[in-house]
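A.B. asks: no sequence on this one, just coordinates:
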């Protein structure tokens, strides 16, 4: 019985540590990786041209760099950091749209709307766990 309990505890600890490491890796992405991932995702979703990809990558990279800076500067003030991040995302959203044609813009807006509808559900789940 003691061996079984010890095995269960070890398994639980291993899963917990693994999850924490994965979460840490996600938070430690550098701006280049973030810009690359977002550009690749948008390319796939919107069928971007090479010129659009280049323009969006440059702008998303600059925004991701600024977001990292804001987060580091406001690490102790979560509200201020979140407000600044929201403003940066809104500016980025408008800039990305400026690189898109009419059809891509409509599709982009649909995708953003779907993401916003999903976002509150994830946030409530996190707050409930605290």
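C.D. replies: Sure thing, it's come through. Only a predicted model underlies this, so the values are computations on that prediction, with no experimental measurement involved. Numbers count the residues shown, from 1 in each chain.
A.B. asks: residues of stretch 73-86 that come out buried?
C.D. replies: Buried positions in stretch 73-86, judged by neighbour count with 16 or more other CB atoms under 10 Å: 74, 81, 84-85. Bear in mind the C-beta positions are built from the backbone N, C-alpha and C, glycine included.
A.B. asks: May I see the residues you listed arranged in TSV, with pLDDT as well?
C.D. replies: Output for these, formatted as TSV (pLDDT from 0 to 100):
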residue	pLDDT
74	81
81	84
84	88
85	86
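A.B. asks: Where does pLDDT dip in this structure?
C.D. replies: 1-9, 11-14, 16-28, 120-130 (pLDDT under 70).
A.B. asks: Pull up the gap between the residue nearest the centre of it and residue 68, please.
C.D. replies: By CA atoms, centre = their mean, the chain has its centre lying nearest to residue 34, at 7.8 Å. For residue 34, the distance to residue 68 (CB to CB, to the nearest Å) stands at 9 Å.
A.B. asks: What of residue 95?
C.D. replies: Distance, residue 95 to residue 68, by CB to CB: 18 Å.
A.B. asks: repeat for residue 54
C.D. replies: 22 Å.
A.B. asks: for the buried residues of stretch 73-86, which one is nearest residue 50?
C.D. replies: residue 85 (29.2 Å; CB to CB).
A.B. asks: Phi first, then psi, for that closest one.
C.D. replies: Phi and psi for residue 85, reported as degrees, to the nearest 10, are phi -60, psi -40.
A.B. asks: How about the one 4 residues further on?
C.D. replies: Reported as degrees, to the nearest 10, the phi and psi values for residue 89 are phi -60, psi -40.
A.B. asks: burial count for it?
C.D. replies: For residue 89, the count of nearby residues is 13 (other CB atoms under 10 Å).
A.B. asks: and residue 112, what helix or strand is that in?
C.D. replies: Assessed by DSSP states H and E, residue 112 sits inside helix 102-129.
A.B. asks: let me fix that: residue 76
C.D. replies: Counting by DSSP H and E, residue 76 is found in no helix or strand.
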